[in-house]
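Q: make a model of this:
(2 chains)
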Amino acid sequence: MSRPDRRATSPGAAEAPRRPLGARGYGICLAGIVWREVLRFVQQKERFLSALVRPLVWLFIFAAGFRSALGVSIIPPYDTYVLYEVYVTPGLAVMIQLFNGMQSSLSMVYDREVGSMRVLLTSPFPRWWLLFSKLIAGVAVSLAQVYAFLAVAFLWGVEIPPAGYVLALPAFIITGFMLGAIGLVISSLVRQLENFASVMNFVIFPMFFASSALYPLWRVRDASEALYLVCLANPFTHAVEFARFALYGQFEPLSCAIVVGTTLVFFTLAVIAYDPGRGVMGLRGGPRGDAP
Amino acid sequence: MIAFRPPTSLRVLSAALMGAVVLVAAEGASAGMAYVSNESGNSITAIDTATLTVTQTAKVGRRPRGIIMSPDGKVIYLCASDDHSVQVIDPATLKVLRKLKSGQDPELFALHPSGNPLYIANENDNQVTVLDVEKNKVVAQVPVGTEPEGMAVSPDGKILVATSETTNMAHFIDTETYKIVANVLVGARPRFAEFTRDGKKLFVSAEVGGTVSVIDPETRKIIKKIEFKIPGVSKETIQPVGVRVTRDGKTAFVALGPANRVAVVNAETYAVEDYLLVGQRVWQLAFTPDEKQLFTTNGNSNDVSVIDVPARKVVKSIKAGGAPWGVVVAPQ
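A: Below is the predicted model of the structure:
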C-alpha cells in the first residue's frame, strides 16, 4: 500500500481550486465531532456511572471519615468553618474533568489504532480546528458529569450558594479545556492502548494527590515545604482553586491566569504533536491505522 | 476676598449628597452591636451585627467571662473573675465606668427583668450574691451547691435558678426571701440555665453529662433529657454549655463545646434537628433582637461564628480576642 500524502490535503487539490470551507462548514465539523463524542458517552452507560461513582466514593466514604478532622481553619473563599465533604467537593468535580480528559486521550489512542482518526485528520479543516472541536466535545461531556455530581453532592448535604452553580460554569469550561489539552498531548505520546495504565500512574494520581483537591495547601506546607512547592506548581491545584472560588462567587485571578496559560501551552503542543510534518505523529509515520 | 457661590444645581446636588452621607452614618450608628468577652485576652470586642466586622477592642479587667447588658442597653455588666468584681462598661466607648462588688470569682450572672438587682454566681465561695447595681450594695448572699455557675431569672422575676457544677443541681431560689425552694438533680456539671420567654420551661445544660434537661418550673420535674449524637464525633467531646431558646419557644440552640457544633433542637418535640459547624470549643450564644442571627463564642479558635437563624446556616466566623467566652447583643 502506498503511503498517503503526509500533508493530508484532499485528493486533487493541486488541480482544482479549493472550495472555501466557510463558517458553516466549521460549525458542521464541530457539531459532528461533539455529537460523536456525546453519542459515544451516552452509549457507554458504564462510563457515565464510573465517572459519577468515583468522586461519590470519595465524598461518601473518604470524606465521612475525615468529617471532624478538618473543620479547623478558615481559608478563602470560605467565610467560616466547613465540613471536609464541603471542602473536597470542588476538587472532586475537577477530578471528574481530569479523568474525562484522560479518557478522551484514551479514545484518541483507540481511534488511532482502529483507523478512524485517519478519517478525521484527513478532513479539509485545519488540524487545530479538529483538535479544538475534540476539546469542546470532551468539555461538553465533562460538564454533564460535573453537574450530575454536584446534584448528588447537594442531595448529600453539600450546599453551594445557588449563584455559584452558574458562576462556576465558565470556570469548569476553562478547567475542562486545560485538562483536555493535557490529555491531547498525552494521547500523542502514548503509542498503544495498553500503555494507558502508565498514564494513570504517572499523570492522574500525582496530579490529583499533589494538589489542593483533598487538603488545603497550608496543611501540606505544615508537613513539607518541598511538597507544598510541588502542589503550587501543579496546574491541577490552580484548576481546583479556580473552580472552588467560582463556586463561591469569587474570582481568583492567579489561578485563572495559570489555567488559561497552561491550556494555551498544551493546546499549542497538541497542535504541533498532531502535525504530521513536524510532530510526534509525523515521526511515527502519521496518524494511520496501518502505521508500522 | 470674593466668596465663591456655586450654582444652584450644584448646591442642590451637594445637599443631596450630604443628606445621603448623614443617612448612611445614622444607619451605621443605629445598627446592632455584639459584645464579646475574651477570657485570656482580658478584653472585650465589639462587633457590628450588620457588617459582621470588629469595630473596637478594649482592655478590661482580668479574666472577663459573663457579660450582659442592662435592659435599656445603656451599660454592659462584665464579670472580671480574677479581679473579683463586676465592671460596668459604656457600650459606646468600651470604657470601664465603675466597678461593683461581686464577691469572690464571679463567673456568670443574671439581671432581674426590671434591670436591678444583679444575681452573681461566686464559683469559689459556693454562693450567689444579690447586688443592687444602683447603690453598689450587696443585698443578700445565698449559699448554694458547690461551684455555682449557670444563672437564670424567670420572666416574672420571682424565681432565680442557680446551677452548681459539682453538686449537679439546679437550685430554685425565691427572689423575695432569698431561700432555696427546690433542688433538681440534673446531668453532670450543669453549666447554664435558660427560661423560655413564657416561663413554662427551663433548659439546663450538663457539660460532662452531655445532656440538656428540660424542667417544668411549676412542678420542678424534668420533662425531658435531650441527648446529642454527631456522626464522626466522639461522645466525650459533646459538652453542652450555652443554651438559647427563640422567643416563640419553638427552637433551642445548644453550644456543644469541643464538638465544635451548635445543635438545633425542636423545643416542643425535643428532637435534635441539625448540627451546625462553628469554631472550636463553642461556649456561649446570643441572639440579635430580631432573632435573625445567633452569635457563638469559640474559645479555642479565638473567633465568633454567626448563624443565620431562619436558614440555619453558619454564615461567617469573625476573629475576636484571646479565648472568647461570653457574648451579648445590644437591645434595639
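Q: please make it C-alpha for all contacts and neighbour counts, starting now.
A: Noted.
Q: for B:Arg177, which three-state class applies?
A: Careful, residue B:177 is Thr; it's not Arg. Judged by DSSP: H, G, I helix; E, B strand; the rest coil, the three-state class of B:Thr177 is coil.
Q: B:Val139 versus that one, what's the distance?
A: 11 Å (CA to CA, to the nearest Å).
Q: of the two, which one has the most company?
A: For B:Thr177 versus B:Val139, neighbours defined as other CA atoms under 10 Å in any protein chain shown are more numerous around B:Val139 (15 against 10).
Q: buried stuff in the helix or strand hosting that one?
A: B:Val139 is part of strand B:137-143, with elements assigned from DSSP states H and E. Judged by neighbour count using 16 or more other CA atoms under 10 Å in any protein chain shown, the buried positions of strand B:137-143 are B:Val138, B:Gln141, B:Pro143.
Q: thought B:Phe109 was touching B:Met151?
A: Yes. At 5.6 Å, B:Phe109 counts as touching B:Met151 under the criterion of CA atoms under 8 Å.
Q: name the nearest of the buried residues of strand B:137-143 relative to A:Ala140.
A: Within those, the smallest distance to A:Ala140 is 73.9 Å, found for B:Pro143 (CA to CA).
Q: one step back: who touches both of B:Phe109 and B:Met151?
A: Here B:Phe109 and B:Met151 share the contacting residues B:Tyr119, B:Ile120, B:Ala121, scored by CA atoms under 8 Å, 6 or more residues apart in numbering or on different chains.
Q: quick one: low-confidence ranges for the stretch 1-150 of chain A?
A: Low-confidence segments of the stretch 1-150 of chain A, defined by pLDDT under 70: A:1-20, A:65-73, A:117, A:121.
Q: change it to 80
A: By pLDDT under 80, the weakly predicted segments of the stretch 1-150 of chain A are A:1-23, A:25-26, A:29-30, A:40-48, A:62-74, A:104-126.
Q: what comes up buried for stretch A:112-120?
A: Neighbour-count burial for stretch A:112-120 flags A:Arg112, A:Glu113, A:Gly115, A:Met117, A:Arg118, A:Leu120 (criterion: 16+ other CA under 10 Å).
Q: go on, stretch A:248-265?
A: A:Tyr248, A:Gly249, A:Gln250, A:Phe251, A:Glu252, A:Ser255, A:Cys256, A:Ile258, A:Val259, A:Val260, A:Thr262, A:Thr263.
Q: who touches the fifth one in this structure?
A: Listed by CA under 8 Å, 6+ apart, the contact partners of A:Glu252 are A:Glu241, A:Phe242, A:Phe245, A:Ala246.
Q: and the closest residue to chain B within the stretch 101-250 of chain A, helix, strand or coil?
A: Using CA to the nearest CA, A:Glu159 is the residue of the stretch 101-250 of chain A that sits closest to chain B, at 10.3 Å. When classified by three-state DSSP, A:Glu159 comes out as coil.
Q: returning to that earlier point: can you pick the most crowded of the shared contacts of B:Phe109 and B:Met151?
A: In terms of neighbour count, B:Ala121 stands highest of these at 34 neighbours, by other CA under 10 Å.
Q: any idea what that residue is bridged to?
A: Assessed by DSSP bridges, B:Ala121 has beta-bridge partners B:Val128.
Q: ranges for the helices of the stretch 101-250 of chain A?
A: Applying DSSP state H, counting those that start in this stretch to the stretch 101-250 of chain A gives helices spanning A:116-121, A:127-155, A:162-189, A:196-199, A:205-209, A:217-223, A:225-233, A:235-247.
Q: from the chain's centroid, how far away is the shortest one?
A: Right, the one you point to is helix A:196-199. Put simply, helix A:196-199 sits 16 Å off its chain's centre (CA atoms, centre = their mean, to the nearest Å).
Q: show me which residues of that helix are buried.
A: A:Phe196, A:Val199.
Q: for it, which outside residues touch it?
A: Residues outside helix A:196-199 that contact it (CA under 8 Å, 6+ apart): A:Leu106, A:Ile186, A:Val190.
Q: picking up where we left off before, need the least confident one among the helices of the stretch 101-250 of chain A, by mean pLDDT.
A: Per-stretch mean pLDDT for the helices of the stretch 101-250 of chain A is lowest at helix A:116-121 (a mean of 70).
Q: so where is the stretch 101-250 of chain B shaky, pLDDT-wise?
A: The low-confidence ranges in the stretch 101-250 of chain B, as defined by pLDDT under 80, are B:232.
Q: show me which residues of it are close to chain A?
A: By CA under 8 Å from any CA of the partner chain, the residues of the stretch 101-250 of chain B that approach chain A are B:Gly232, B:Val233.
Q: so which residues of the stretch 101-250 of chain B form strands?
A: Remark: strands assigned in the stretch 101-250 of chain B by DSSP state E, counting those that start in this stretch are B:106-111, B:118-122, B:127-132, B:137-143, B:148-153, B:159-164, B:169-174, B:180-185, B:190-195, B:202-206, B:211-216, B:221-227, B:243-245.
Q: what's the closest of these to B:Ser70?
A: B:Ser70 lies closest to strand B:106-111 among the strands of the stretch 101-250 of chain B, at 7.7 Å (CA to CA).
Q: just checking: what are the partner strands of the closest one?
A: In the sheet, strand B:106-111 lines up with strand B:118-122 (antiparallel) (DSSP bridges).
Q: hmm, who's touching the strand it pairs with?
A: With contact meaning CA under 8 Å, 6+ apart, strand B:118-122 is reached by B:102-112, B:127-133, B:147-151, B:162.
Q: pull the CA atoms of that strand into PDB?
A: Extracted C-alpha coordinates of strand B:118-122, given in PDB (Å, rounded to 0.1, in the frame of the first residue of the first chain):
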ATOM      1  CA  LEU B 118     -27.900  41.500  89.700                       C
ATOM      2  CA  TYR B 119     -27.600  37.900  90.700                       C
ATOM      3  CA  ILE B 120     -23.900  36.800  90.600                       C
ATOM      4  CA  ALA B 121     -22.600  33.200  90.900                       C
ATOM      5  CA  ASN B 122     -19.500  33.100  93.100                       C
END
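Q: off-centre distance for it?
A: 14 Å.
Q: what of stretch A:164-183?
A: 8 Å.
Q: that stretch: which residues count as buried?
A: Buried residues in stretch A:164-183, counted by 16+ other CA under 10 Å: A:164-165, A:167-169, A:171-183.
Q: how about stretch A:126-138?
A: Across stretch A:126-138, burial judged by 16+ other CA under 10 Å covers A:Arg127, A:Trp128, A:Leu130, A:Leu131, A:Phe132, A:Ser133, A:Lys134, A:Leu135, A:Ile136, A:Ala137, A:Gly138.
Q: for stretch B:110-129, same thing?
A: B:110-113, B:116-123, B:125-129.
Q: for stretch B:157-164, same thing?
A: B:Gly157, B:Ile159, B:Leu160, B:Val161, B:Ala162, B:Thr163, B:Ser164.
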